[in-house]
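Trainee: requesting a structural model of the entry that follows:
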Amino acid sequence: MSISKKTCPVPFDQQPLNEYFALKASWFFSLCTLPLNKYLTKVFTVFVLIFLVSTFLTLYIIANYNIWQIIILNISIATFIVLLIFMRLYLAWSYVVKRLINATIFYEESGWYDGQLWIKSPEILTQDRLVGLYEVMPFLFRAKYGLIVSIILLSLEKIVYLLLLS
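Mentor: Predicted structure coming up:
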């Protein structure tokens, strides 16, 4: 659903709607677009895989710790990596939402030195804002809530780890 070159001078890959479709088609960023049960299953699967890998590495490197400390440490490592994943998802979706909702678009024609500013027509602005508000914002909220939950869990795991040390 590209806008014609007469209407929009922005290159195809830099048009906000096309950036949205590219993000939605990406295997990594499409995680937020899945139905809730598949989304939670994938997040939990990633968490468990990271936990297992970090457990094997920790058991290989550290030998003189309590088993509960090692488990809490590995849960914290897995939660931190999931937090980084949610942070990347949030940044990408928020960038697309900002470009869809804004009335002006900054773009580069051929390189970093020749940036231009294009003002959207009312029809294109309305279309982009509708897509941004009703299609992309739920994905952004899902990534944001995942980020918040990860931060809370990481804080709780830190408290439990410190309680185990004492």
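
Trainee: lowest average confidence, helix or strand, in the chain?
Mentor: strand 115-119 (a mean of 86; mean pLDDT, DSSP states H and E).

Trainee: could you spell out the sheet neighbours of it, each with its direction?
Mentor: Strands that pair with strand 115-119, judged by DSSP bridges, come out as strand 104-108 (antiparallel).

Trainee: longest helix anywhere in this structure?
Mentor: Across the chain, the longest stretch assigned as helix under DSSP state H is helix 67-101.

Trainee: tell me what that one is packed against?
Mentor: Packing partners of helix 67-101 (3 or more Cβ pairs under 8 Å, 6 or more residues apart in numbering; DSSP states H and E): helix 16-25, helix 36-61, helix 122-131, helix 137-165. The C-beta positions use only the backbone N, C-alpha and C, and glycine is treated the same way.

Trainee: buried ones in it?
Mentor: 70-83, 85-86, 89-90, 92-94, 96-97, 99-101 (16 or more other Cβ atoms under 10 Å).

Trainee: state the mean pLDDT of that helix.
Mentor: For helix 67-101, mean pLDDT is 94.

Trainee: surely Y90 touches F141?
Mentor: No. Contact criterion Cβ atoms under 8 Å: Y90 and F141 do not qualify, at 9.6 Å.

Trainee: and S150, what does it touch?
Mentor: The contact partners of S150, by Cβ atoms under 8 Å, 6 or more residues apart in numbering, come to T79, V82, L83, F86.
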